[in-house]
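In: Pasting a predicted model and its sequence here:
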Amino acid sequence: MIETRKDNTLAIILTVGLHVGLIVMLLLTSLVSCQRTEISAAGEPIQATLAFSNADLRAAQQAIKASPPAKPELVEQAPAPQPVPSPAPQDSDIPIQNKPQKPQDQPDTVDQEDINRNALLKAEAERKEQEERTRQAQVDLTEDIERQQEAERKQRLREQYEAIKQERVNA
């Protein structure tokens, strides 16, 4: 279906209208959104300065020296690791193989999946070919029947023509 100029104009107008509507909605929501007001304490912010004298510093150092030594904190040690349980023996009727099998002299180099895929493809192709042969045989049979009917019709017409000719000769 071919679009007309009217269709294109209408589409552009609707698109512009949609975008303008979205922008207006965003602006309105920004005006209506909750305003956060910061609460401040009354008065000026408090400012403080830490000042101490040399006498205060010496008194603190003497108090540190006079205090008993700190006890070392007890560090919790992780418990000793549990022994790994030994695996339970497996019960089997087949005795354990004492020596490994010999490697194959000529290992399989053919990919079994490719063989299976190729076999499936080959079977599918053979099935299609058989269907085609059957269809062709039906077509040939139909053509043979039509030729035979045509030949029989021509034979009847010849016989009728000969009969009419014979009647005219005899008359």
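Out: Noted; the coordinates are in hand.
In: Quick one: mean pLDDT over stretch 146-159.
Out: The average of the pLDDT scores along stretch 146-159 is 94.
In: now do stretch 9-25
Out: If you average the pLDDT over stretch 9-25, you get 97.
In: Any idea how far that stretch is from the middle of the chain?
Out: Stretch 9-25 sits 37 Å away from the centroid of its parent chain (CA atoms, centre = their mean, to the nearest Å).
In: next one: stretch 98-108
Out: Worked out by CA atoms, centre = their mean, stretch 98-108 lies 41 Å from the chain centre.
In: One more: stretch 59-77?
Out: Put simply, stretch 59-77 sits 64 Å off its chain's centre (CA atoms, centre = their mean).
In: Check stretch 15-32 too.
Out: When C-alpha coordinates are averaged (CA atoms, centre = their mean), stretch 15-32 and its chain have centres 38 Å apart.
In: Using PDB, list the CA coordinates for it.
Out: Coordinates of each C-alpha in stretch 15-32 appear next as PDB, following Å, rounded to 0.1, in the frame of the first residue of the first chain:
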ATOM      1  CA  THR A  15       5.000  12.400  16.400                       C
ATOM      2  CA  VAL A  16       5.800  16.000  17.200                       C
ATOM      3  CA  GLY A  17       2.700  16.200  19.400                       C
ATOM      4  CA  LEU A  18       3.600  13.100  21.300                       C
ATOM      5  CA  HIS A  19       7.100  14.500  22.000                       C
ATOM      6  CA  VAL A  20       5.800  17.900  23.000                       C
ATOM      7  CA  GLY A  21       3.400  16.200  25.400                       C
ATOM      8  CA  LEU A  22       6.100  14.200  27.000                       C
ATOM      9  CA  ILE A  23       8.300  17.300  27.500                       C
ATOM     10  CA  VAL A  24       5.400  19.200  29.000                       C
ATOM     11  CA  MET A  25       4.600  16.300  31.400                       C
ATOM     12  CA  LEU A  26       8.200  16.200  32.500                       C
ATOM     13  CA  LEU A  27       8.200  19.900  33.200                       C
ATOM     14  CA  LEU A  28       5.000  19.700  35.200                       C
ATOM     15  CA  THR A  29       6.200  16.800  37.300                       C
ATOM     16  CA  SER A  30       9.400  18.700  38.200                       C
ATOM     17  CA  LEU A  31       7.300  21.600  39.400                       C
ATOM     18  CA  VAL A  32       4.900  19.400  41.400                       C
END
